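[1] Pasting the sequence and the predicted model now:
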Amino acid sequence: MQNNILTVRNVDKTYRRGVHEVKVLEKVNFHLSQGEFVSLMGPSGSGKTTLLNIVGGLDSPSAGSVIMDGTDIATLGDGDLSSWRNANIGFVFQQYNLIQVLTAYENVEMPLMLFNLSKDERRRRVLTALQIVGLKERANHFPRQMSGGEEQRTAIARALVTDPKLIIADEPTGNLDAAAAANVLDLLQALNAEFKKTILMVTHDPEAALRAHRQMRLHKGALVLDPAQGARA
């Protein structure tokens, strides 16, 4: 792997609950390289989703830095952070988060509405993304007309459509049966191998984690890296 696309340095996250402080993350350090596929595991409450939210600009660290392509996103204001997130991050969630009254095409198109693109260019990008995930023929179907696996593949197309630098997937197979989960993991691997997409995936499934180049583990807010995976803290 070459060229770090992301550096997480000494990241802490503490929440206040009344008079009490709850430390969720403590001194987390890691790098992601361009084109790398990394999985993140850990027990419930270990801070996995919090870490993903910080990396993706949905939350801010209490201390430390998150640097992508020379920009420390921890220093950005809300407006700049929103623009940065839209341009750089594609999100895939366990619950799909599709809008039920919109077709697959319209769901995938939504992120592009934030950019100054012509209707023809939006259409080209949406159909390309749907073709990549194997759902071009389902473009006019609503989520209720699709299987769970198809809904998640639509969500992946939505994450892809802006050509993000980093795809963040939070338990992308958590709601799927074994066959649909395998299809989604095959797709993520293909996006990484064929399109050189950098992927950070949280999963509870050890077999899913092994699809990645490298596995990381959180335990009580601290990152435990397996030396056998060649981690670079």
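    Structure received.
[2] which of the residues in stretch 7-25 are buried?
    7, 8, 9, 11, 13, 24, 25 (16 or more other Cβ atoms under 10 Å). Yep, even glycine has a C-beta here, placed from its N, CA and C like the rest.
[3] for the last one, helix, strand, or coil?
    Per DSSP: H, G, I helix; E, B strand; the rest coil, the local secondary structure of residue 25 is strand.
[4] Is the residue nearest to it when sequence neighbours are not counted inside a helix or a strand, and which specific one?
    Distances taken as Cβ to Cβ, 6 or more residues apart in numbering place residue 13 nearest to residue 25, at 4.0 Å, with adjacent residues excluded. Using DSSP states H and E, the secondary-structure element containing residue 13 is strand 2-17.
[5] packing partners for that strand?
    With contacts taken as 3 or more Cβ pairs under 8 Å, 6 or more residues apart in numbering; DSSP states H and E, strand 2-17 sits against strand 20-34, helix 48-55, strand 63-68, strand 198-202.
[6] Next one, pLDDT for residue 1 please.
    pLDDT recorded at residue 1 is 42.
[7] neighbouring contacts of the worst-scoring helix or strand of the chain on mean pLDDT?
    One helix or strand of the chain scores below all others by mean pLDDT, DSSP states H and E: strand 222-225, with a mean of 82. By Cβ atoms under 8 Å, 6 or more residues apart in numbering, the residues outside strand 222-225 that reach it are 26, 27, 28, 29, 30, 216, 217, 218, 231, 233.
[8] Check the offset of that strand from the chain's centre.
    19 Å (Cα atoms, centre = their mean, to the nearest Å).
[9] and if you look at stretch 101-114?
    On Cα atoms, centre = their mean, the centre of stretch 101-114 falls 18 Å from that of its chain.
[10] The most centrally placed residue in the chain: what's it in contact with?
    The centre of the chain sits closest to residue 168, judged by Cα atoms, centre = their mean, with a distance of 0.9 Å. If you count contacts by Cβ under 8 Å, 6+ apart, residue 168 has them with 52, 55, 56, 89, 90, 91, 92, 199, 200, 201.
[11] ok, so of these, who is nearest residue 37?
    If you rank these by distance to residue 37 using Cβ to Cβ, residue 199 comes first, at 4.6 Å.
[12] Number of residues surrounding that closest one?
    Residue 199 has 25 neighbouring residues, counting by other Cβ atoms under 10 Å.
[13] So in terms of bridging, what pairs with residue 20?
    residue 17 (DSSP bridges).
[14] Looking at the contacts of strand 222-225, which two lie furthest apart in space?
    26 and 231, at 17.3 Å, using Cβ to Cβ across these.
[15] which one of the contacts of residue 168 sits closest to residue 176?
    Scanning the contacts of residue 168 for proximity to residue 176, where the rule is Cβ to Cβ, the winner is residue 92, at 12.1 Å.
[16] Let me know the angle separating the top helix by length along the chain from strand 198-202.
    Of all segments of type helix in the chain, defined using DSSP state H, the longest is helix 178-195. For helix 178-195 against strand 198-202, the angle by axes from the mean of the first three to the mean of the last three Cα atoms, to 10 degrees is 150 degrees.
[17] buried sites along helix 178-195?
    Buried, per 16+ other Cβ under 10 Å, within helix 178-195: 180, 181, 182, 183, 184, 185, 187, 188, 191, 192.
[18] could the residues you listed go into a markdown table alongside pLDDT and distance to residue 66?
    Shown next, in a markdown table, are these (pLDDT from 0 to 100; distance: Cβ to Cβ, whole Å):
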| residue | pLDDT | distance to residue 66 |
| --- | --- | --- |
| 180 | 95 | 32 |
| 181 | 95 | 29 |
| 182 | 96 | 32 |
| 183 | 96 | 31 |
| 184 | 96 | 26 |
| 185 | 97 | 26 |
| 187 | 97 | 27 |
| 188 | 97 | 22 |
| 191 | 96 | 23 |
| 192 | 96 | 21 |
